[in-house]
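[1] Next come a sequence and a model predicted from it.
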Amino acid sequence: MKEEFLNLLRTVKREGIENLIEFLEKSDFFTAPASTRFHGNFEGGLAEHSLKVYEILKHKVENNIKGIKTEEESIIIIGLLHDICKTNFYKIDYRNAKNALGVWEKVPYYTIEDTIPYGHGEKSVMMITEYIKLTPEEKYAIRWHMGYTEPKEVYNTIGAAYTKYPIALLTHEADLEATYLYNI
């Protein structure tokens with residue numbers, strides 16, 4: 001899975017992409033979970049989730065009825081990197097729980113250690129732009145991929161972003177489908 005991810009990312013021909021790949025390889029991106037308990041809460045869940053979002057997003061762009069056009073390079077960047085903000089974000093801790101025999105034992109679980117408290121989508125945009133330039137549609141798609149799980153005070157802003165850049169709506173849908181239909 002890591003090789004598939006990196007091979008796709010290496011097709012992006014932008015200045016700084018190799019530095020971004022180096023950052024990912026030195027980080028916990030390929031071993032991190034996608035969440036603590038909601039989806040992909042297993043080792044490697046983040047990379048698997050990101051690949052699935054890319055696959056779904058690519059299908060949505062190729063088959064949408066509105067004729068939304070987005071370059072393959074943008075689909076790769078958006079799909080694979082929308083959750084880069086979760087890099088170096090989860091830590092393993094331990095808690096006591098009863099096993100199948102009713103005996104207490106220490107069991108590992110994922111917890112959050114947010115050393116860069118900058119939000120979610122906006123943090124991913126910030127992290128990516130430290131390495132490569134993003135197009136406006138890429139920025140909007142990544143920033144608003146959480147959709148209406150954002151606070152209701154920004155619903156009008158989300159709607160405006162989805163109207164201006166429909167790829168942002170397709171990204172949100174792809175993220176939801178990967179999470180709820182594939183549980184990753």
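    Received, thanks. Numbers count the residues shown, from 1 in each chain.

[2] quick one: pLDDT of the residue positioned nearest the centre of the chain?
    The structure's the chain has its C-alpha centroid closest to residue 83; by C-alpha atoms, centre = their mean the separation is 2.4 Å. pLDDT for residue 83: 96.

[3] Against residue 15, how distant is it?
    Distance of residue 83 to residue 15, computed by C-beta to C-beta, to the nearest Å: 23 Å. Every residue, glycine included, has its C-beta placed from N, CA and C.

[4] go on, residue 166?
    Between residue 166 and residue 15 the computed distance is 27 Å (C-beta to C-beta).

[5] which non-adjacent residue is nearest residue 136?
    Excluding the flanking residues, the one nearest residue 136 by C-beta to C-beta, 6 or more residues apart in numbering is residue 165, at 7.2 Å.

[6] Determine the number of other residues adjacent to that neighbour.
    Other residues within reach of residue 165 by the criterion other C-beta atoms under 10 Å amount to 22.

[7] average model confidence for the helix of greatest length in the chain?
    Under DSSP state H, the helix in the chain containing the largest number of residues is helix 45-63. Averaging pLDDT along helix 45-63 gives 97.

[8] In terms of secondary structure, what does that helix contact?
    For helix 45-63, the packing partners by 3 or more C-beta pairs under 8 Å, 6 or more residues apart in numbering; DSSP states H and E come out as helix 2-10, helix 72-81, helix 166-180.
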